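*Asks:* give me coordinates for this.
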Amino acid sequence: MPEGEEVPEAVRSLAEQLSQARPLRRGSLGERYIKCGKPNCACATSAAARHGPYFSLTRVVDGQTRSRRLTAQQAERVREQLIAGQQFRRQVEAYWQASETWAEAQLDLVAAAEAAEKRGSTKRSAKKSLLRSSAS
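*Replies:* Got it, this is the predicted structure:
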């Protein structure tokens, strides 16, 4: 970064938010109620009597879907981490947009400086004569 150049407040603020460490997760949290398959169980005849909830965390790792079963307490913690991960993604996108706006502003300043240099000369070149010399 050139000397004397100030980082825009939007970029500085977003960078500060991104630097705050917290546990983040990608993926999704599933909640299921299942039938056990026993013929005499209440879940065999009533959908309201199904077993559960059973929680699972699912995400893609190296192109493969990975799932992990969770307890209810783990599921609550994972839900918070997933929300934090989504918030982090939004912050990263906002940081990209603010940085690109800043980069465009830099290009505009360089273009304005180049244009000022080109228009800055007051000395005009001498006009050439349109008449041909008699030697030709």
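*Asks:* please report the distance of the most centrally placed residue in the chain from Q86.
*Replies:* What sits nearest the mean C-alpha location of the chain, by CA atoms, centre = their mean, is E93, with 2.8 Å. Taken as CB to CB, to the nearest Å, the spacing of E93 relative to Q86 amounts to 11 Å. In short, each C-beta sits where N, CA and C put it, glycine included.
*Asks:* what residues sit buried inside the longest strand belonging to the chain?
*Replies:* Among the segments of the chain that qualify as a strand by DSSP state E, the longest is strand 51-61. Judged by neighbour count (16 or more other CB atoms under 10 Å), strand 51-61 contains these buried residues: F55, S56, L57.
*Asks:* hmm, C43 and R50 touching each other?
*Replies:* Yes. Assessed by CB atoms under 8 Å, R50 is found in contact with C43 at 4.8 Å.
*Asks:* was I right about F55 contacting L70?
*Replies:* Yes. Between F55 and L70 there is a contact under CB under 8 Å: 4.3 Å.
*Asks:* joint contacts of the two?
*Replies:* L29, V78 (CB atoms under 8 Å, 6 or more residues apart in numbering).
*Asks:* which residues in the chain form strands?
*Replies:* Counting by DSSP E, the segments of the chain that form strands are 28-34, 51-61, 64-70.
*Asks:* now for the closest residue to Q81 other than its chain neighbours, how many residues are close by?
*Replies:* The shortest distance from Q81 to any residue other than its chain neighbours is 4.0 Å, reached at R25 (CB to CB, 6 or more residues apart in numbering). Around R25 sit 19 other residues, with neighbours defined as other CB atoms under 10 Å.
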